[in-house]
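Trainee: got a sequence here, can you model it:
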Amino acid sequence: MFKLNFDIPPLSKKIDLKDSILMLGSCFVDSIGAYLHDHKFEVSVNPLGTLFNPISIFNSLNITLGKQSMQPIQQRNDLFFSWDTHSRWSAKSKGDLQSALASEFKVIASHIKKAQWIMITLGTAHVYEWNASGQIVANCHKFPQQDFSKRLLSAEEISQAFHETQAQVKAINPEVQWLLTVSPVRHIKDGLIENNRSKSILIQSISAMVHEFDHCHYFPAYEIMMDELRDYRFYKEDMIHPNDQAIRYIWEAFQEASLNERTKVFCDRWSKLLSALRHRPIHSGSTDHQLFLNATRRKLKELENMVDITAELEIIDAQIQA
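Mentor: This is a model prediction of the structure:
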């Protein structure tokens, strides 16, 4: 035994395959969101782009619900952008950007109203305030560093912001559950000491949220990375982001702690089918491969009462020879 294992407390409320999930936050959300999407969950992942700090994440929900105004649209060179969204939200005209965002806000608001779960991954407690307005920005959009003031949020600021946001969401969706995590991605541009201070503040603030609200839950992705996967072989070449092996390990821990039994059984069966669907044979017309395709098709059909398998059947049927 060359590592310390720790028991991950199961969620008091478990996620079901049929649950609708909205995911917001750091790039770690994209990693787990991809697994959920591949396993047939109804999931919306970072519709406004990657957001790292808690205030910008909570602001995005308030703006979507019409409870808070967006910061004024800005222009840089020939592109218009918003301080409240990721840089992928930009347009050649102010009107085009406003129209695109308004349309997306309607989609997100609809998702909030029907979601069983909102999953948020906090990346950093550091925020950047645009000097011209003093407001926190979600993304600096490559503006010069001197245009911003950087500071560290307090756990109390984060908890208060969440308190107000969850009340707004609860008003339109009383049954929604919140699953909170801290991203295992280290923000070393702040320095390792500052990164650790930041992560500790995030953990402290989430602890307060979970303690106060029964509908809030915590999944220890950060602790798994730091304490179970301590070796640098579990990082990508940048030594910052978890590699594919680490993400899969965390995904498996997430399944065990967060999914109900029916859904865990499905995910196990579906994972095997995903491997079969992604298999690329040397000789696609061989008898062995045709038998493999037909066997895979039968296994897919066994799950058609649980999920939509139309796309997967099309892939298989296109390869089966009459």
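
Trainee: for the nearest residue to residue 36 once chain neighbours are set aside, give me its contacts.
Mentor: Nearest non-adjacent residue to residue 36, counting by Cβ to Cβ, 6 or more residues apart in numbering: residue 43, 4.7 Å away. Every residue, glycine included, has its C-beta placed from N, CA and C. By Cβ atoms under 8 Å, 6 or more residues apart in numbering, the residues touching residue 43 are 20-23, 33, 36-37.

Trainee: so residue 43 lies in a strand, does it not?
Mentor: Yes: checked against DSSP: H, G, I helix; E, B strand; the rest coil, residue 43 lies within a strand.

Trainee: which parts of the stretch 151-300 of the chain are helices?
Mentor: 155-172, 192-212, 221-223, 244-258, 261-277, 287-301 (DSSP state H, counting those that start in this stretch).

Trainee: looking at the contacts of residue 43, which is nearest residue 138?
Mentor: Closest approach between those and residue 138, by Cβ to Cβ: residue 23, at 15.9 Å.

Trainee: surely that closest one is within a strand?
Mentor: Yes: Residue 23 sits within a strand when classified using three-state DSSP.

Trainee: tell me the bridge partners for it.
Mentor: residue 45, residue 119 (DSSP bridges).

Trainee: low-confidence ranges, the stretch 51-200 of the chain, go.
Mentor: Of all residues in the stretch 51-200 of the chain, none has pLDDT under 70.

Trainee: quick one on the thing from earlier: show the pLDDT at the residue nearest to residue 36.
Mentor: Looking at residue 43, its pLDDT is 97.

Trainee: check residue 227 too.
Mentor: 88.

Trainee: per-residue pLDDT of residue 322, please?
Mentor: So residue 322 comes in at 58 (pLDDT).

Trainee: ok, the closest residue to residue 81 other than its chain neighbours - contacts?
Mentor: In space, and not counting its chain neighbours, residue 81 is closest to residue 90: 4.6 Å by Cβ to Cβ, 6+ apart. Contacts of residue 90 were listed using Cβ under 8 Å, 6+ apart, and they are 79-81, 97.
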